[in-house]
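*Asks:* coords below, sequence missing:
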């Protein structure tokens, strides 16, 4: 989230799309309702299904799964054509005026530079014209036909109401209702925000879904302001923390880049990932990249990391250039036999991964599996799953008992980036220990083996600093947290102030690239004060801005900033666009309010002033985003499995940059009569994710005891299915049996002149427990993912539903 | 209370067993019911160790009451449930002389109309009590509105039965001296019999079916 | 008027059916979750039970304008002023607390189930394991401790609130007025006024399992209010009557006590 | 951290009366002696109150665990009324947080091991399990370690071990997993952020 939960109440219009906030983030939804009650916030829910969220919104607009870009593209078209954009903001704070090179073009669903064989774009034409000084050329009048603004206008002019309505199945009236309501926030004193979740990420165009909305937010001047932003309602307790620490193949803690093979030296690596700008007004904060990365290496290897050995850079694993190693790739490799051992920590991929049958088969090919959890789950016990003969499974399995959250100390980062410290309330039962302790035990044991026996590339293991244990030999989260924050490794004088060796680094601005500081994750620098006070434990309730920022409650990264890009809430002179919700104000010599995104003067000051989007090389928000795999502008492509055989907008049916898996278990069936219904998957309030924690809890299980498929009344009638009957839902990859919930809340869509039915299933069930609860809906989902993130397309695929006659 | 020679047999052993089963279960039911019906009578639960036990006592006594009532009806319905017109009407008109002085109250059979009314009340409301009581015992098997009516009927039954019961008790003991042995030993004095059920006595004697204590054979054999 | 009287207000128009209340209730009162099946509804357990003192009901409803609504209603004890359950309870297990709510001394309950049939809202439920009924007591223990009832505390959206009776009634009417349309206040005008009020978005008739005009059942009024005193009067009447009969009229002379020998049969 | 008893008893400002019942002039003096019925509240008041954060969605609601001072066990968990986000309130999952404690009979309490081809778990101790896991890691890593890729570039990685999870442990643990897997040379490193 750019903003945070409490801030939602300050919005004038909240678009809830790709999320079911009331069901999956009930307490977040509270803040939206608070806004509705106190500030007249308009709540709009756009979702294929009428949910508990819809029930409390001003209105609900049903939309066919996988057509969000068409829907939002239509909104961009409306905004641009009706002059609803916030001009001052667009001209100054976005790359709308930037001139794109002449060769850039878009034709029939493809941008320039597409390599059909590789299914990849080369992005040479996705760049700006630069002047002699190397600064991008701009046209502040936004009239140059090659400026981003005009290109965007042209691109989205194809998203007419008629076209969008025909693709999405949303009536033109409903489209206009949402467009006008939401576009009304394109004024300085109005704020609109988007609350999305897995409903947007779980598509083969997931990243572009979000980007399209980010573009709308930039056009309406909604980024960086109170009540605005792009807000991902993240769904797991510490998914923000785990993402910040990058348990992700492509990144290292703090979103640093994972080295790739072609960058064989530290120098090359740093050069590649340290962006440069020739514009003196762009802060380009990532120019500090080397400081972050070297401090990171120092946190791993301490005094073993020296300038001479490139701080250990060469020891670190390198990815092959352009090769993804995501979860789906992992299981694909496992299925093919490459992966022999797996750690599965607090996760249940046998239920939660797409094409679960393939995942389960892949698990059988492992030599060993180490799971850590507080309950057993379908992954740990895969060897006794349905259709598996344990006598033929060679895998050695370990199931390590973990402490539950209230049985250990540590921090958890919420979606609003608040890092909150929690305390140990009780001893864990039996032999259970925190996961952190397990990993220290494991690495220490591995270290001992390498020390004793030697082995390949032993340095990173032997040199890894792993002393995060307390006097009793138990895991010390506090010690680890201090290392993550970082220390001065020698006495250092910064701006005349002396920091002693061993003091905590108070902010990432003080990290050094010479090995004199360490920081396990630069984003977290500042979570401790120099004197070692843990700011994550703060429980202060003071609210100086009156906007619910609570700067002294816990600590938020970066540097306790509560709303990102907040300098964009003021005009170029530092005057707040909305004086009623004054997030930040330039007093002539300093910013007052939230922790500003850099203390520089506002950009009107040509000498000292800086642009607001400090993490972008150009200093502005990217309406034109060349970083994306499938194009600098978003484009509607049909889901990989779609009811349509032709994309109504172009002859490019699917995302052109998709990575498709091709084993015998990766079957798909698009626009097929065998699987005629669109299916989407989701969670429910009562369960959490794969249900691996919640299905073991009687209070929760009692409320949602078994798997179900929600079917609209019309389709149910056609198929002769009655409410509460058992049905079989099948896709090209398998089938599951579950209870039919016949509902008024799913209605058929009229798409390209034909009726398209959609059904939906919760993803919270698995065969292990309860025994009669039904199996995972991910047996049905395809292993195909977004081209940028490889997030699987759980939210739109094709199925059939049929009645089953069961004996008894 | 050993019967003396010449006393007249008015009830046999089976009748007496039935009577006492009915009477005792009825008393227990009424007392235990009372203990549950009125908070001020909750103390009646003390001897059995609490209301919960009182409920059990009530419910299971009910199970004794059911066959008792069944046999009581079987045994007495001919004698006690059919009014003898017009004598009984006359008797009712003067309330059998119980309430005000009546020179010669109309003669009655074995049971006077008061007793008959009591029997009918017990029989009818007893059945109602049984049915309503059983339904109340298992209320979850029936609709709430049905059970509510049962509660009402059960209360109504108590309202009817208790006064009759008490009057019966009073008249069967101190109110009409000499009555009590009728249901204890089965024998009453001839004098009592002449006063209380002259018509019956006459009929019995006429039929020769009168059994007199101490006499070898029933008189009937002589005719 | 009892100045301690509390009213819990359930604003159904703010409820998101997150069911925090349903679980918070079980957590605090240590009631187990039981085996259920999916019966084609989110509403589960399907009805209130001995282990489920409060239940969020789900109902799909298309209004007269054709607009689909999903109605959520938290069901539970209404804490009537004129409480049928208290009226019928033989053992004082159900009682009126100083807050005007209906408490339950489960240890006094004899499991007679009279309250189950008496309640116009079908609230008390029988626990066969303990042979007692159980129902919401509005967290009497928490109220005594100065805490909010578990359900109210857990409610994220403000759909549940509790406070002084007159304030809550006023809040309810203000909210209903603000909502307009069919919105109405439910609870203050019958059974002596309930201590749980609803703000309903639709007419009461629309909601499943909600009596539009609840009342203490007539049979119970007849029994408890008329027959109870009447039967006491009747019982007392015959006792006293018999006594006076005995002392004024005297025992009937049947010669029963005379020593004269009975005559032989037949004269 | 211990929260003062007062803190726990303060009633959320967001709901209802907005103030503690006592401040409404409601009489809370003891009445009848059904002491056992008030027992839980008294236990809560006497307990140690320890704050934690909910472990489901990423809203980050605050909870308070009431811990019996004698047994050291948690016996009640409810929302933290001081927490600015949830203000004491909780959804169904949060409200049922207590069922994640050891009160839940399904909690794993022992290290479980399943031997190849076996059809059951067997209990093991930590020392055995850690030693065995370390051995497997080393053997697998050393056997398949890729020093150079097909282009001859130095990559120092192992593709034969993967790591999945976890977004539901603490940040410090996440960091450790993230960096430990990299020091071992893993590249198949992913977690629930993607699913």
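*Replies:* Cool, got the structure. This is a predicted model, so every value here is computed, not measured. Numbers count the residues shown, from 1 in each chain, chains lettered A, B, ... in the order given.
*Asks:* for the helix or strand harbouring residue A:231, packing partners?
*Replies:* Per DSSP states H and E: residue A:231 is located in strand A:230-232. Applying 3 or more C-beta pairs under 8 Å, 6 or more residues apart in numbering or on different chains; DSSP states H and E, we find strand A:230-232 packed against strand A:192-196, helix A:206-219. Using the backbone N, CA and C atoms, a C-beta is placed for each residue, glycine as well.
*Asks:* What pLDDT does the model give the residue nearest to residue C:160 when sequence neighbours are not counted?
*Replies:* The shortest distance from residue C:160 to any non-neighbouring residue, by C-beta to C-beta, 6 or more residues apart in numbering or on different chains, is to residue C:152 (4.5 Å). Looking at residue C:152, its pLDDT is 96.
*Asks:* Equivalent analysis for residue C:259, please.
*Replies:* 41.
*Asks:* Residue B:38 now?
*Replies:* At residue B:38, pLDDT is 86.
*Asks:* do residue B:204 as well
*Replies:* So, for residue B:204, pLDDT stands at 79.
*Asks:* which SS class is it?
*Replies:* Put simply, residue B:204 is helix when judged by DSSP: H, G, I helix; E, B strand; the rest coil.
*Asks:* Do I have it right that residue A:59 meets residue A:44?
*Replies:* Yes - at 6.4 Å, residue A:59 and residue A:44 qualify as touching, with contact defined as C-beta atoms under 8 Å.
*Asks:* could you say what helices and strands the helix or strand just after the strand holding residue A:231 packs with?
*Replies:* Counting by DSSP H and E, the next helix or strand C-terminal to strand A:230-232 is helix A:239-244. The helices and strands touching helix A:239-244, judged by 3+ C-beta pairs under 8 Å, 6+ apart, are strand A:410-413, helix D:171-183.
*Asks:* Now chain A against chain B: closest residue?
*Replies:* residue A:702 (20.5 Å; C-beta to the nearest C-beta).
*Asks:* Relative to residue C:57, how far out is that residue?
*Replies:* Residue A:702 sits 15 Å away from residue C:57, taking C-beta to C-beta, to the nearest Å as the criterion.
*Asks:* sorry, back to before: chain D is nearest to which of the helices and strands packed on strand A:230-232?
*Replies:* Using C-beta to the nearest C-beta, those put helix A:206-219 closest to chain D, at 10.0 Å.
*Asks:* Report the distance from that closest one to the chain centre.
*Replies:* Mean-position distance between helix A:206-219 and its chain equals 13 Å (C-alpha atoms, centre = their mean, to the nearest Å).
*Asks:* again, but for stretch A:479-486
*Replies:* Worked out by C-alpha atoms, centre = their mean, stretch A:479-486 lies 25 Å from the chain centre.
*Asks:* circling back: tell me which of the helices and strands packed on helix A:239-244 sits most buried.
*Replies:* strand A:410-413 (a mean of 31; mean count of other C-beta atoms under 10 Å in any protein chain shown).
*Asks:* Touching it from outside, list them.
*Replies:* A:237-238, A:240-241, A:244, A:405, A:419-422, A:434, A:436, A:477, A:481, A:527, A:536, A:557, D:53, D:55, D:58, D:60, D:169-173 (C-beta atoms under 8 Å, 6 or more residues apart in numbering or on different chains).
*Asks:* Sheet-wise, list the partners of it with their directions.
*Replies:* If you go by DSSP bridges, strand A:410-413 pairs up with strand A:418-422 (antiparallel).
*Asks:* Ramachandran angles for the residue nearest to residue C:160?
*Replies:* phi -60, psi -40 (degrees, to the nearest 10).
*Asks:* what about it, how many residues close to it?
*Replies:* The local packing of residue C:152 (other C-beta atoms under 10 Å in any protein chain shown) involves 29 other residues.
*Asks:* Could you do residue C:210 as well?
*Replies:* Neighbouring residues of residue C:210 were enumerated by other C-beta under 10 Å; the total is 17.
*Asks:* what number of residues lie near the residue nearest to it when sequence neighbours are not counted?
*Replies:* Spatial nearest neighbour of residue C:210, chain neighbours left out: residue C:204 (5.7 Å); criterion: C-beta to C-beta, 6+ apart. Using other C-beta under 10 Å, residue C:204 has 16 neighbouring residues.
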